[in-house]
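> take a look and give me a structure for this.
(one chain, ligands or ions: 1)
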Amino acid sequence: MPGCELCDGDGGELIVVREKWRVVRVSGTDGAAYPGYCRVVWNEHVRELTDLNAADRQVFMEALFTLEIALRGALRPEKMNVASLGNLTPHLHWHVIPRFRDDPTFPKPVWAISTPSAPSLDTLTEKQAGDRAYTDAKWVSVVKRAFATD
Ligand SMILES: [Zn+2]
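Predicted coordinates for the structure are as follows:
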């Protein structure tokens, strides 16, 4: 669809691509603030999950589940947030976001304004920053492996 951000572009760094969907890593500020933040994007332009037939809905949900399991294993987050919004980009995509107690908006949604009490990336301890650098390098390969057998 002309003018649609997710038809015109990938929507992030491609990690896994299949015929009907793709997993992208969210880059930029959001990706740096929330390690492991990914989106599952349906390749064809549809607005809602319920626009898909039953078989394709299952295909989409299985991709979400596989991604969530891989991210949980790689990053051991406090909680997983899985959300479909798309108010500004009405092309079927779900956000899959590992959450950590020291992320900028925990325990609020990632779309909340950072609270003064939450540590910013600038105030991470060296150990936290080191842990994040390690897991950040590792989780992409874990996600790729999780989809390697399907
Ligand atoms: Zn689109």
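> nearest residue to the middle of the chain?
For the chain, residue 38 is the residue whose C-alpha lies nearest the centre (Cα atoms, centre = their mean; 1.8 Å).
> ok, which residues in the chain are in contact with the ion?
Residues of the chain lying near the ion by Cβ under 5 Å from the ion: 1, 4, 6, 7, 45, 91. Placement of C-beta: from N, CA and C, glycine included.
> which pair of those residues spans the longest distance?
With Cβ to Cβ as the measure, no two of the residues of the chain next to the ion lie farther apart than 1 and 6, at 9.0 Å.
> list the residues that contact both of those two?
Here residue 1 and residue 6 share the contacting residues 45, 91, scored by Cβ atoms under 8 Å, 6 or more residues apart in numbering.
> more neighbours: which of these two?
Higher neighbour count among residue 1 and residue 6: residue 6, with 22 against 12, using other Cβ atoms under 10 Å.
> wait, the more buried one touches residue 93, no?
Yes: with contact defined as Cβ atoms under 8 Å, residue 6 reaches residue 93; the gap is 6.1 Å.
> tell me, what's touching these two both at once?
By Cβ under 8 Å, 6+ apart, the residues touching both residue 6 and residue 93 are residue 41.
> so what's the residue count around residue 27?
For residue 27, using other Cβ under 10 Å, the count is 12.
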